[in-house]
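Asks: just to be clear, the model below is a prediction. Sequence and coordinates:
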Amino acid sequence: MPDILHEVPIMGTPEKIHQAITEQNGLRAWWTEQASAQAKAGSVSEFQFYGGQIHMKIKVDEISPNHVAWSPLEGVPDWPGTRITWDLSPGENGGTKLLFGHRNFPSYDGSYAYSNFNC
């Protein structure tokens, strides 16, 4: 099954990056302003894009200071059944090394290419 994997250096502490990927206001600042999220394992976050044309539900599976894992439940075709991970570690010059993974796409067709480039 195809995976999307990215290593991204980010200027910002791991704590700040963790807030950006787990807290409602953090997610609203960089992904979509239409986000409803809790930084709590077992919670289901909701995200809307394109004026509500796309409505996503994503379960927060795991959350720790250095690791976050999500399971998309509905929204974008091909995303249910995939797994999104964020692994954080200190980077150079006080920054953060982010290892991002979006795994288990059913194929390279469908939303894989769009998700790899645009999301």
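Replies: Happy to help now that I have it.
Asks: pLDDT at Phe117, what is it?
Replies: Per-residue pLDDT puts Phe117 at 69.
Asks: what of Glu92?
Replies: 92.
Asks: and it, what does it touch?
Replies: Pro9 (CB atoms under 8 Å, 6 or more residues apart in numbering). Yep, even glycine has a C-beta here, placed from its N, CA and C like the rest.
Asks: which SS class is the most centrally placed residue in the chain?
Replies: Residue closest to the average C-alpha location in the chain (CA atoms, centre = their mean): Ile84, at 5.8 Å. The three-state label given to Ile84 by DSSP: H, G, I helix; E, B strand; the rest coil is strand.
Asks: please name the nearest non-neighbouring residue to it.
Replies: Ranked by CB to CB, 6 or more residues apart in numbering and with sequence neighbours excluded, the top spatial neighbour of Ile84 is Trp70, at 4.2 Å.
Asks: how close does the residue nearest to the centre of the chain sit to Glu7?
Replies: In this view, Ile84 and Glu7 are 15 Å apart by CB to CB, to the nearest Å.
Asks: how about Asn93?
Replies: Asn93 is 16 Å from Glu7, by CB to CB.
Asks: who has more neighbours out of these two?
Replies: Glu7 (10 against 6; other CB atoms under 10 Å).
Asks: name the element the more buried one belongs to?
Replies: Element membership for Glu7, per DSSP states H and E: strand 4-10.
Asks: and that strand, what does it pack against?
Replies: Strand 4-10 sits against strand 96-103, helix 112-118, with contacts defined as 3 or more CB pairs under 8 Å, 6 or more residues apart in numbering; DSSP states H and E.
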